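Q: Everything below, folded, please.
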Amino acid sequence: MRPFLSPLRIAVAALVFALPVAYAVAVYAKPAGYLIDESSDPTIVPLPRRGASVADLSEYRWQVQLATRADGNALALLQADALDQVYLEFGPQRMSFSGGANEISMYYRIDGSRIASFVPTRLGLRKKGGGFVSTAVGTRSERPLAMDKLLSDHLAPPFEHWLEGSGATQRLHLIGADGTHFILQTTDAAYGVKGEPVTLEVAAGLKRCSTGCGPLNPPTPDCLSVRELHSAKGKPQTASEWFTLPRHALDGRRLQENQHQVLEARRYPSLAGKQCSAGIYVVDYVSRYEDIPQVESDGLTTATSAR
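A: Numbering: from 1, shown residues only. Predicted coordinates:
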């Protein structure tokens with residue numbers, strides 16, 4: 001008679017048998033939706049593609065979210081991360097990439113489903129040809145220069161293009177002649193609406209104020225004194241009185257709190273929908289106040305101290 005198997009031996013045998021089975025299931029049985037396309041998940045409906053006009057392209061500032069070579073491998077240095085962003089802006093005739101050390105741009109025209117380059121002539125005609133040209137700004141930092149080189153190597157017009165979606169959350173696809181695929185979103189996408197451009201003058205230092213929406217929030221030294229500016233005859237003019245703005249309302253580029261500065265920003269409403277909130281100011285550019293032309297009024301330079 002065979003010896004009786006102990007419960008421990010039975011458990012070990014069951015485990016030895018179960019492990020290969022579990023491994024096979026994990027490797028070969030892909031769950032529904034494992035591949036994100038309509039063939040593996042019928043609930044995913046691709047957005048319809050549409051062509052773009054110059055007005056469509058120039059309405060927003062774009063940023064590269066995904067960049068891949070023709071073989072599908074990612075160009076990681078050109079994709080959005082916590083350090084850098086690659087931006088694309090369209091004017092009436094020029095398209096410009098920035099984010100590295102230099103601006104890389106070309107004259108463009110929309111030719112059906114393609115964005116092609118051209119060379120302007122003295123008679124105002126558009127001659128075929130051209131391509132991207134770059135400014136020549138030097139820097140000691142290797143990363144911006146590496147971004148410039150990678151962009152220059154993979155910007156190959158003409159580009160097949162299309163838009164998906166609408167408004168601030170739409171996406172732009174560009175596929176170059178070498179197969180490089182750029183997927184871009186608007187810089188407003190995270191906020192769901194188009195930001196209002198605003199220029200702010202920021203006084204040096206911090207001041208005390210109440211932050212947040214609570215009625216009993218005690219004042220804290222965590223606010224900036226700011227006022228809005230607008231441009232008149234190429235010079236900044238005051239457009240509001242001084243007011244306080246909590247530091248947490250500013251996003252984007254960092255400020256030097258002990259300096260008198262001017263910010264180019266985009267203003268968005270509160271994501272929480274609270275009327276008492278100051279909203280969100282996404283800072284795109286920061287300049288020292290001393291580096292811009294002084295505010296003029298009736299031909300005389302004027303200055304007002306922040307309260």
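Q: Show me the contact partners of stretch 148-158.
A: The contact list for stretch 148-158 (Cβ atoms under 8 Å, 6 or more residues apart in numbering) reads 67, 69, 75, 77-78, 86, 97, 100-102, 104, 106, 108, 111, 114-117, 131-132, 134, 176-178, 180. (Glycine included, C-beta is placed from N, CA and C.)
Q: count of residues packed around Lys233?
A: Using other Cβ atoms under 10 Å, Lys233 has 7 other residues around it.
Q: Read off the pLDDT value for it.
A: With respect to pLDDT, Lys233 scores 75.
Q: and if you look at Tyr268?
A: Value listed for Tyr268 in the pLDDT field: 94.
Q: likewise Val226?
A: pLDDT, Val226: 95.
Q: What residues of the top strand by length along the chain count as buried?
A: Secondary structure of the chain per DSSP state E: the longest strand is strand 220-232. Of all the residues in strand 220-232, those buried under the rule 16 or more other Cβ atoms under 10 Å are Cys223, Leu224, Ser225, Val226, Arg227, Glu228, Leu229.
Q: for the fifth one, what are its contacts?
A: Neighbouring residues of Arg227 by Cβ under 8 Å, 6+ apart: Leu200, Glu201, Thr238, Ala239, Ser240, Glu241, Trp242, Phe243, Ala306.
Q: Show me what it bridges to in the sheet.
A: As for beta bridges, Arg227 partners with Glu201 under DSSP bridges.
Q: Also the first one?
A: Taking DSSP bridges as the rule, Cys223 bridges to Lys207, Pro246.
Q: What separation do you get for it and Pro144?
A: 33 Å (Cβ to Cβ, to the nearest Å).
Q: ok, now the second one?
A: Noted for Leu224: a distance of 29 Å to Pro144, by Cβ to Cβ.
Q: and if you look at the fifth one?
A: Using Cβ to Cβ, one obtains 33 Å as the distance from Arg227 to Pro144.
Q: Break the chain down into its domains, please.
A: Structural domains assigned to the chain are 1-46, 49-191, 196-301, following automatic domain parsing.
Q: where does the chain dip in pLDDT?
A: 1-45, 123-125, 211-221, 272-277, 293-307 (pLDDT under 70).
Q: Tabulate the contacts of Arg227 (JSON lines), appending secondary structure, neighbour count and distance to Ala52.
A: Formatted as JSON lines, the contacts of Arg227 follow (DSSP: H, G, I helix; E, B strand; the rest coil; neighbours: other Cβ atoms under 10 Å; distance: Cβ to Cβ, whole Å):
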{"residue": "Leu200", "secondary structure": "strand", "neighbour count": "22", "distance to Ala52": "32"}
{"residue": "Glu201", "secondary structure": "strand", "neighbour count": "23", "distance to Ala52": "36"}
{"residue": "Thr238", "secondary structure": "strand", "neighbour count": "15", "distance to Ala52": "38"}
{"residue": "Ala239", "secondary structure": "coil", "neighbour count": "15", "distance to Ala52": "33"}
{"residue": "Ser240", "secondary structure": "coil", "neighbour count": "13", "distance to Ala52": "36"}
{"residue": "Glu241", "secondary structure": "coil", "neighbour count": "9", "distance to Ala52": "41"}
{"residue": "Trp242", "secondary structure": "coil", "neighbour count": "15", "distance to Ala52": "42"}
{"residue": "Phe243", "secondary structure": "strand", "neighbour count": "16", "distance to Ala52": "39"}
{"residue": "Ala306", "secondary structure": "coil", "neighbour count": "17", "distance to Ala52": "44"}
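Q: Done for today, thanks.
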